[in-house]
Structure formats: structure tokens, C-alpha cells
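**Q** this is the structure alone, sequence omitted:
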């Protein structure tokens with residue numbers, strides 16, 4: 001069985017090399033909207049998406065991410081993507097991590113459907129307690145007393161080069177109880 005959604009799921013790939021072409025605001029907004037419509041525990045809609053398109057702030061965030069990850073300069077853990085979407089949620093929501101993961105998953109599928117590349121980047125959780133993480137929350141208008149946890153970064157941009165092929169799916173990952 002196949003349909004447009006199933007094909008989109010099977011064809012989406014993590015992109016790790018981007019052109020510097022700017023991403024149109026309409027496409028960024030559409031990707032974000034897809035994230036906002038992700039399933040959420042008890043319908044609480046905990047995830048908050050912070051769109052970072054300012055090149056200077058994006059670069060500062062990349063340097064911090066590289067330092068947290070333990071890589072040497074000039075490695076860019078955002079792979080040159082011009083847009084970084086930070087997904088955060090208040091710690092008061094028990095399902096925040098799962099809901100944030102669904103949000104990022106939706107955004108990655110939406111990006112692919114719009115001809116954009118995307119990749120989930122970790123270390124958002126470690127970013128939030130830093131000075132730059134707090135600056136990001138402040139610039140986004142979030143209160144300091146919000147106790148936010150970083151769920152993940154979703155980078156966006158136009159892929160440079162061919163889309164990677166899917167790795168074969170490992171056997172034995174599905175079990176039925178009938």
C-alpha cells in the first residue's frame with residue numbers, strides 16, 4: 001500500500017550539507033505550522049518553536065553546539081543550514097520530550113515535502129542552561145522563570161548535492177501478537 005504521506009515518510013532523509021540560499025519565510029512558516037500540529041500528550045501542545053534566521057546568532061549557536069559536542073573548529077554542527085528551529089518546552093509538562101520529538105518529526109517531513117533539507121541536531125538540552133541559551137529564550141520573549149528544557153534543533157535549508165539513499169531497513173524490528 002502506498003500514498004503521498006507514506007512516500008514522504010520513506011523518502012525523507014537527514015541532510016548534512018546546505019547551500020547558502022535563504023529559505024523563503026512562507027516555507028519556514030509552513031514547516032513551523034506542521035510542528036504545531038504534531039500530536040501531543042493530553043493535547044497540551046507543550047513544544048515551543050524558536051526560529052533562528054539571524055546569521056550572527058545562528059553562528060554563535062553553532063559554535064556553542066560544537067563546543068558542547070567536543071568538535072574542533074571549523075566544524076559546523078548545523079552543516080551550513082541557514083535556519084535553525086529550536087524546540088523547547090516547559091519542564092511542567094510531563095510529555096514534553098515526546099511531544100517535542102513529534103514536533104520535530106513533523107517539521108522534518110514538512111521540510112522534505114517543500115523541497116527543503118532538514119536534520120535533527122542534538123545538544124539543545126545542554127544549550128538552554130548556558131548564557132547563550134538564556135539569551136535565545138529572552139530574545140524569543142520567554143520568561144526566565146519558565147524552566148525550559150531544550151528538546152532538539154531542527155535545521156533547514158536547501159540541500160547541496162544529491163539526497164542520500166535510504167539504508168536498508170534492519171530485519172526483525174516488527175513483532176505481531178495475534
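**A** That came in fine, so what should we check first? In this text, all values refer to a predicted model and were calculated from it rather than measured experimentally.
**Q** quick one: contacts for residue 95?
**A** Residue 95 is in contact with 40, 41, 42, 44, 46, counting by CB atoms under 8 Å, 6 or more residues apart in numbering. Every C-beta, even on glycine, is put in place using the N, C-alpha and C of the backbone.
**Q** what about the closest residue to residue 128 other than its chain neighbours, which helix or strand?
**A** In this structure, residue 128 finds its nearest non-sequential neighbour in residue 150, 4.3 Å apart by CB to CB, 6 or more residues apart in numbering. The secondary structure element spanning residue 150 is strand 148-157 (assigned by DSSP states H and E).
**Q** tell me the contacts of the spatially most central residue of the chain?
**A** Centrality entry for the chain: nearest residue to the mean C-alpha point is residue 154, 1.7 Å, by CA atoms, centre = their mean. Going by CB under 8 Å, 6+ apart, residue 154 touches 31, 35, 84-85, 87, 104, 107-108, 111, 118-121.
**Q** which strand residues bridge it?
**A** When assigned by DSSP bridges, residue 154 has beta-bridge partners residue 85, residue 120.
**Q** so how far is residue 165 from it?
**A** 22 Å (CB to CB, to the nearest Å).
**Q** mind listing the strands for the protein?
**A** With strands called from DSSP state E, the chain shows them at 48-52, 83-90, 117-121, 148-157.
**Q** quick check: residue 32 touching residue 48?
**A** No - counting by CB atoms under 8 Å, residue 32 stays clear of residue 48, with 10.7 Å between them.
**Q** not counting its neighbours along the chain, what's nearest residue 112?
**A** residue 12 (4.2 Å).
**Q** that neighbour contacts residue 110, doesn't it?
**A** No - the pair residue 12 / residue 110 is not scored as a contact, 9.7 Å apart, by CB under 8 Å.
**Q** more neighbours: which of those two?
**A** Each of residue 12 and residue 110 has its neighbours counted (other CB atoms under 10 Å); residue 110 has more, 23 against 19.
**Q** how many residues are close by the closest residue to that one other than its chain neighbours?
**A** Computed as CB to CB, 6+ apart, the closest residue to residue 110 that is not its neighbour in sequence is residue 34, at 3.4 Å. Close neighbours of residue 34, defined as other CB under 10 Å, add up to 19.
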